[in-house]
Structures are given as structure tokens and as C-alpha cells.
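Trainee: Sequence and computational prediction follow.
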Amino acid sequence: MNRSLLLIGHRTSGKTTLGRLLAADLTFPFIDLDDEIQSRTGTSAATWVRDDEAAFRTLEVETLASVRASTSTAVISAGGGLRDIPADIFVIWIYREGWEEDALATRARLKPDISAEEEITWMKTSREEHYRRSAHVQLRIERGCGIEQAATRLRILADWLISAHASPVMRMSWMRPRDKDDLPRCVAQAKLFGMAGVEIRSDMFNEIPEVPVPVLASLRSKDSGFFARATRADMFDCDTAFIQHLDLRGIEPRPLIFSTHPDDVYKEFFEYLISLPDFIATSYPAWSAQLMLKYAPRVKSWVELRYANQLYKVHEKAGNRINFFPQGKRWNWMRIQRLFAGNAINFISSGCLERSQLPPGVDYFLPHCTAKPPVSFYGVIGGQVDESIGDIFHTACAPFSEIDSVYVKIPLAAAEIDNCLHLLPQIGFKGLSVTAPLKRAVYESNFVGCEIDLKAGNTLALIKGSFLLFDTDEDGMTAALEEIKQKGIIPGTAVVFGEGGVSDALCRALAKDGWQTVKTVSARRGWDGQQTEHYNLIVNASGQNASEGAPSCDAWFDLRYRTIDPAPVQAGAFFNGMTFYKHQAAAQRKIWQLGTNDALLTTF
């Protein structure tokens with residue numbers, strides 16, 4: 001197995017620095033393509049790009065191929081403009097917030113004929129979609145993140161990639177091409193990760209192409225002869241919308257899926273699907289033993305999700321099995337849950353950070369390619385949950401092969417809280433982290449109790465069959481204040497920008513630590529002419545940029561997950577929320593009774 005890793009990303013994103021650390025940690029050789037090219041040609045990459053960029057891009061691809069041919073265990077750092085990113089190597093996209101400023105300040109311009117701002121825009125528009133389509137996972141490094149923290153996260157991602165090969169999750173997953181041109185990449189990734197194979201759909205391919213991996217042939221058109229021409233396929237899938245075009249006469253039996261993709265969650269669609277085994281038993285009895293059902297309705301609300309869940313649960317309790325894939329991006333977490341709770345198949349798209357209605361990419365499933373079946377489910381609910389790194393925290397607390405719980409990210413609006421909290425315990429969830437904007441709203445839920453006086457909370461734990469609300473944000477803020485004091489900032493006046501659910505916990509921690517909390521400021525109204533004030537500490541708890549019109553301060557503390565802007569020039573020391581988040585997560589794990597937090601607190 002080739003275990004090499006390729007690091008891609010914009011210039012000054014940290015590929016070389018982090019790559020060296022990762023290589024040393026893995027005891028792999030480290031190869032910087034720019035240095036390798038200079039060693040081989042005697043000319044620096046910068047000179048090559050200046051004098052003949054087209055020739056350099058060709059040379060870059062050739063050098064990468066040569067390097068890969070010489071070793072199967074290397075960490076390779078590529079230039080930001082690498083043209084052809086191989087599909088058969090583990091690829092990590094490193095994105096460091098603030099790379100733009102350093103790229104302009106520390107490197108020679110690539111395009112001096114246009115303005116600096118236009119050059120940055122060109123780099124983003126010409127490269128980032130290429131990175132997204134080519135990478136398996138992105139390492140996002142927020143502003144203020146230290147090198148050791150970033151290196152720890154990179155090592156976790158590398159371990160995920162290497163350990164994912166032929167894992168139970170990957171063995172049940174089929175790569176689904178976006179289009180015909182995407183097939184070679186999907187084939188390469190199916191081989192790289194030891195997946196079930198690739199899906200070939202009749203609405204995209206007339207014939208089954210010759211590929212070196214197993215094939216799932218899917219009837220998605222009025223082509224009655226498709227399966228007869230797909231005899232090389234290892235498995236068949238027939239959409240029930242085209243069942244009148246199903247013709248299995250003369251074809252050797254193999255696993256067959258009947259799948260339905262209705263636009264609504266109606267009982268009639270479900271009942272029709274589960275009646276099809278009788279149809280097969282009558283029409284093609286030899287195929288009955290290997291028949292599977294796939295129920296994939298378009299779900300538009302939590303009410304519909306609960307109803308769909310009820311339908312398939314009744315079916316499963318009767319001793320049957322069904323694969324459930326609710327359609328819609330905000331239900332992707334159910335694909336994770338069903339990996340361990342009933343589904344026998346899974347589908348994955350190429351690329352990372354999937355934004356379309358296609359199945360998620362490899363990156364979405366990597367944290368869950370564990371050797372141990374989970375005994376419980378946990379997650380984060382709220383807005384912007386994709387930005388959370390709770391899954392990284394969770395994984396850091398135990399060796400990869402010993403994790404026996406799953407942590408997923410569940411987008412949720414305030415109006416949906418009751419339906420969400422009614423359903424999740426039924427499907428195995430024992431604890432939830434609550435993020436903005438739900439920290440106050442969750443307190444009002446009919447499914448939440450509270451044993452202490454709280455106006456908001458960030459942690460739900462299922463205790464004796466009911467969710468109880470806790471607030472570990474205070475633990476996080478207490479730890480963050482200790483970090484701030486260690487940098488020489490003494491307790492004094494403090495202001496919290498933002499009046500959301502986290503502000504209560506922040507103010508409690510400030511008061512207990514001897515800070516004089518002057519006020520909380522509404523993010524909606526802004527600073528409102530307070531530029532003449534000076535504070536010892538400003539905490540941005542708003543989830544947005546708070547620097548416009550901000551007063552001066554000794555320390556600026558930004559609590560956003562990512563997309564963190566630089567502190568205003570009138571601010572002193574800058575702190576991000578990493579210490580806050582890891583300590584509040586450790587306190588959550590204690591409430592959830594998930595064991596030691598030493599790895600989480602010492603490695604980040």
C-alpha cells in the first residue's frame with residue numbers, strides 16, 4: 001500500500017513547515033517539490049516561474065511522478081500552482097487564514113502586471129476549486145493557531161487517511177462520479193481507500209467501462225438493455241421509477257438493490273418499495289436471496305425526518321433490513337449514523353468540502369472509519385456546525401482504533417429544536433454540544449431539563465431518558481483567562497461584544513476571576529461611538545467581525561471557529577478561541593462520561 005501524503009495549498013500556507021513536522025512524526029522522508037526541482041535543474045522555482053512558468057508546471061508534474069516512483073512513504077509538499085494533482089495519493093489541502101498577507105509581504109509577486117489585490121483574487125479563483133476537487137480533506141488553520149496545534153491536527157488527518165484504507169466504512173462505500181470525466185479520479189480513489197468500487201449510472205454511461213475495480217451498475221433511465229450490457233458489474237441497482245424497464249432475463253444473479261428517491265415522505269412510496277421483494281420472488285426468484293432495499297426520500301423538515309424514521313424502524317423491527325439515505329445536505333449526518341445502525345452500503349463523492357446535493361466526500365466519513373463499532377452517538381447542533389472541530393477534539397482523546405463513539409455535526413434552527421431532541425435519543429444519541437444561535441433557545445425546549453439556574457447552555461446529556469442542560473462555556477472561559485494572564489494581561493476592565501447565549505457564561509467566568517465586566521455590547525448595534533474608551537480585555541463573542549469602530553484594548557480575544565479577522569490596530573495581544581474550546585469540550589466529555597481528557601488538553 002502506498003502511504004505517501006501530498007500537501008497542497010496556497011503559498012505561505014505552511015505546507016513546508018508542517019510537512020517537515022509530519023514527516024518526522026511518521027518517520028517518512030520529506031520532499032519539497034520546489035527544492036527537488038532546484039536540486040535537479042540548478043534553477044530555483046521562483047526563477048523558473050519568472051522565466052517560463054509553462055515549462056515549470058510541466059517540470060513540476062514530472063518531478064512529482066519521479067518522486068512518487070521512488071518511494072511509497074513520503075510527505076510531499078507541492079507548489080501552490082501544481083497543475084495535475086494525482087488521484088491515487090492521499091491529498092491534504094492546507095488552508096491557513098492570513099496567507100494572503102504573508103504571500104504579498106514575503107514572496108515575490110507572481111503577476112506584477114496586475115494589482116496585489118487582483119493577484120490574490122486570481123490565486124483564489126484559479127486554484128481553490130481545483131484544490132477542493134482534488135483533496136481528500138482540508139486542514140483549516142485559524143488565525144492565531146500555533147504551529148504545534150496545527151501539526152497535531154495535521155497528524156490526526158494523516159492518521160485518518162492512512163487508517164481508512166479497507167476499513168469497514170470504506171469497504172461498504174461506492175464512489176459516485178460527478179460526470180464521465182470524473183470516473184478516472186473515482187476509480188483511483190476507490191483503489192486508494194479500498195472501497196467497494198464505483199457506481200456506473202445508465203443516465204451517464206451507455207456502456208460499462210473497463211475499470212480495475214468492482215462496479216455497481218445503476219439503472220437510472222429507460223434503458224431496458226442496460227443490465228444485459230452490464231454483465232461485468234458486481235452489483236445492480238434499479239431505481240423504482242424505472243422498474244418497468246427492468247429486464248433480468250438470462251443474467252446471472254448477483255446483489256440487486258431496489259432504490260426509491262421520492263420528492264416527499266409519503267407512506268405509499270415506502271410501502272411500494274417494501275412490496276418489491278414479493279415482485280422479485282414471483283418474477284425473478286433466483287435473485288431474491290441477494291435483494292436489498294434503499295429508501296432515499298427528499299426530506300424537507302425534522303417532522304418529515306421523524307416520520308421517515310418511524311417508517312423504516314417499524315420495517316426493521318419486523319426483522320427486515322433497509323438502507324436509509326434521507327436526501328438533502330442538512331441530513332448528511334444521518335449517513336454517518338446509518339453506517340452503524342442498519343445500512344449495508346454507502347456512497348461517496350470525489351473532492352472535499354462538498355457543497356452540492358451529491359453525497360459528501362471522503363473527508364466527511366474519515367473520522368468514522370474506526371475498527372470498533374460505536375456504542376453511542378454524540379454531536380453538535382446549531383448554525384455553522386461544519387466549522388466545528390469537535391470531531392478532531394473527540395478523536396484526539398483516544399487512539400484511532402479504540403474510539404467507540406461517533407460525533408457528528410447536525411445543522412439545526414431554533415424552530416426545529418423539539419423535533420430534533422425528540423428523535424435523537426431514539427436513534428442512539430446520548431449527548432449534544434449546542435452552538436450559536438441555540439444556546440438560549442434550547443433552554444426553552446420541552447425536551448430539556450435543567451437542575452441548576454441557567455439562562456442558556458451549551459451541553460446536553462441524556463440522563464435517565466431525558467436531556468439535561470449544562471454550560472461548560474464557563475470552564476472554557478476560565479481556562480482562556482488563565483492563558484491571557486500568563487501573557488502579562490492583568491485583570492481589569494472587560495467588555496463582551498455580543499449578547500448571545502455564550503455571553504452569560506463569559507460574564508460569570510470574568511466575575512469569578514476578578515475582572516470588572518463593564519458591559520456587553522449588542523453586535524447588531526455595534527460599538528456606537530465608544531472609540532475613545534480603553535479596556536484591558538475585549539471579547540468578540542458575536543460570530544462576526546467586531547473590529548470596525550472598536551475601542552483600544554490590551555488584549556483582543558476572538559471566539560470564532562474560523563474566518564477570524566486580524567485584531568484592530570488599536571488592540572494589543574491577540575488570542576483565538578482554541579484554549580476556550582478545548583477546555584469546554586473536555587468538560588463536556590466529563591459530563592458525558594467519555595473518559596480521560598488528558599490527550600485533548602495536552603496535545604492542543
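Mentor: Received the coordinates, thanks. Numbers count the residues shown, from 1 in each chain.
Trainee: Where does the prediction get shaky in the stretch 1-150 of the chain?
Mentor: Scanning the stretch 1-150 of the chain for pLDDT under 70 picks out the ranges 106-110.
Trainee: so where do the helices sit in it?
Mentor: In the stretch 1-150 of the chain, the helices defined using DSSP state H, counting those that start in this stretch lie at 15-26, 33-41, 45-70, 99-106, 116-134, 147-164.
Trainee: closest one to Val385 among the ones you listed?
Mentor: Across the helices of the stretch 1-150 of the chain, Val385 has its closest neighbour in helix 147-164 (17.8 Å, CB to CB). All C-beta atoms are positioned from the backbone trio N, CA, C, and that covers glycine.
Trainee: So which residues make contact with the helix or strand following that closest one?
Mentor: The C-terminal neighbour of helix 147-164 among helices and strands, as given by DSSP states H and E, is helix 168-171. Under the criterion CB atoms under 8 Å, 6 or more residues apart in numbering, residues 164, 193-196, 339, 346, 365, 368-369, 371 lie in contact with helix 168-171.
Trainee: Spatially, which two of these are the most separated?
Mentor: Ala196 and Ala371 (17.8 Å).
Trainee: neighbour count winner among the two?
Mentor: Ala196 (22 against 12; other CB atoms under 10 Å).
Trainee: hang on, Pro491 packs against Ala509?
Mentor: No - look at Pro491 against Ala509 with CB atoms under 8 Å: they stay out of range, at 11.3 Å.
Trainee: and for those two, which residues touch both?
Mentor: Common contact partners of Pro491 and Ala509 (CB under 8 Å, 6+ apart): Leu481.
Trainee: Counting neighbours, go ahead and name the busier of the two.
Mentor: Ala509 (21 against 15).
Trainee: what about the residue lying closest to the more buried one once chain neighbours are set aside, how many neighbours?
Mentor: Distances taken as CB to CB, 6 or more residues apart in numbering put Met477 closest to Ala509, at 3.6 Å, once the chain neighbours are dropped. As a burial measure, Met477 scores 29 neighbours (other CB under 10 Å).
Trainee: Leu601 now?
Mentor: The burial count for Leu601: 16, using other CB under 10 Å.
Trainee: Tell me where the model's unsure across the stretch 401-550 of the chain.
Mentor: For the stretch 401-550 of the chain (pLDDT under 70), the answer is 401-403, 530-531.
Trainee: mind checking which helix or strand the residue lying closest to Val303 once chain neighbours are set aside is in?
Mentor: Nearest residue to Val303, sequence neighbours excluded (CB to CB, 6+ apart): Asn419, at 5.7 Å. Using DSSP H and E, Asn419 falls within helix 417-423.
Trainee: all strands of the stretch 301-450 of the chain, in order?
Mentor: 323-324, 346-348, 376-382, 405-411, 429-434, 448-449 (DSSP state E, counting those that start in this stretch).
Trainee: who are the neighbours of the last one, in terms of helices and strands?
Mentor: Packing partners of strand 448-449 (3 or more CB pairs under 8 Å, 6 or more residues apart in numbering; DSSP states H and E): strand 466-470.
Trainee: Restricting to C-alpha, output the following helix or strand past the strand it packs on in PDB.
Mentor: Note on strand 466-470: by DSSP H and E, the next helix or strand toward the C-terminus is helix 473-486. Below are the C-alpha coordinates for helix 473-486, written out as PDB (Å, rounded to 0.1, in the frame of the first residue of the first chain):
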ATOM      1  CA  ASP A 473     -18.500  27.500  28.300                       C
ATOM      2  CA  GLU A 474     -17.600  28.900  31.700                       C
ATOM      3  CA  ASP A 475     -14.900  26.200  32.000                       C
ATOM      4  CA  GLY A 476     -13.600  27.300  28.600                       C
ATOM      5  CA  MET A 477     -13.500  31.000  29.500                       C
ATOM      6  CA  THR A 478     -11.800  30.300  32.800                       C
ATOM      7  CA  ALA A 479      -9.000  28.500  31.000                       C
ATOM      8  CA  ALA A 480      -8.800  31.200  28.400                       C
ATOM      9  CA  LEU A 481      -8.500  33.900  31.100                       C
ATOM     10  CA  GLU A 482      -5.600  32.000  32.600                       C
ATOM     11  CA  GLU A 483      -3.800  31.900  29.300                       C
ATOM     12  CA  ILE A 484      -4.400  35.700  28.900                       C
ATOM     13  CA  LYS A 485      -3.000  36.400  32.300                       C
ATOM     14  CA  GLN A 486       0.100  34.300  31.500                       C
END
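Trainee: So what's the gap between helix 473-486 and the chain middle?
Mentor: 27 Å (CA atoms, centre = their mean, to the nearest Å).
Trainee: in it, what's buried?
Mentor: Buried residues in helix 473-486, counted by 16 or more other CB atoms under 10 Å: 473-481, 484.
Trainee: outside of it, which residues touch it?
Mentor: Against helix 473-486 from outside (CB under 8 Å, 6+ apart): 439, 458, 491, 502, 505-506, 508-510, 512-513, 515, 537, 555, 557, 573, 575, 577, 579-587.
Trainee: let's see 7 Å
Mentor: 458, 502, 505-506, 508-509, 513, 537, 555, 557, 575, 579-581, 583-584, 587 (CB atoms under 7 Å, 6 or more residues apart in numbering).
Trainee: List buried residues within these.
Mentor: For those, buried by 16+ other CB under 10 Å: 458, 502, 505-506, 508-509, 537, 555, 557, 575, 579-581, 583-584, 587.
Trainee: What about Ser202, how many residues nearby?
Mentor: Count around Ser202 with other CB under 10 Å applied: 25.
Trainee: Render the CA-only coordinates of the host helix or strand of Ile200 in PDB, please.
Mentor: Per DSSP H and E, Ile200 falls inside strand 197-201. The C-alpha coordinates for strand 197-201 follow below in PDB (Å, rounded to 0.1, in the frame of the first residue of the first chain):
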ATOM      1  CA  GLY A 197     -15.900   0.200  -6.100                       C
ATOM      2  CA  VAL A 198     -17.500   2.800  -8.400                       C
ATOM      3  CA  GLU A 199     -21.200   3.400  -9.300                       C
ATOM      4  CA  ILE A 200     -21.900   3.500 -13.100                       C
ATOM      5  CA  ARG A 201     -25.300   5.000 -13.900                       C
END
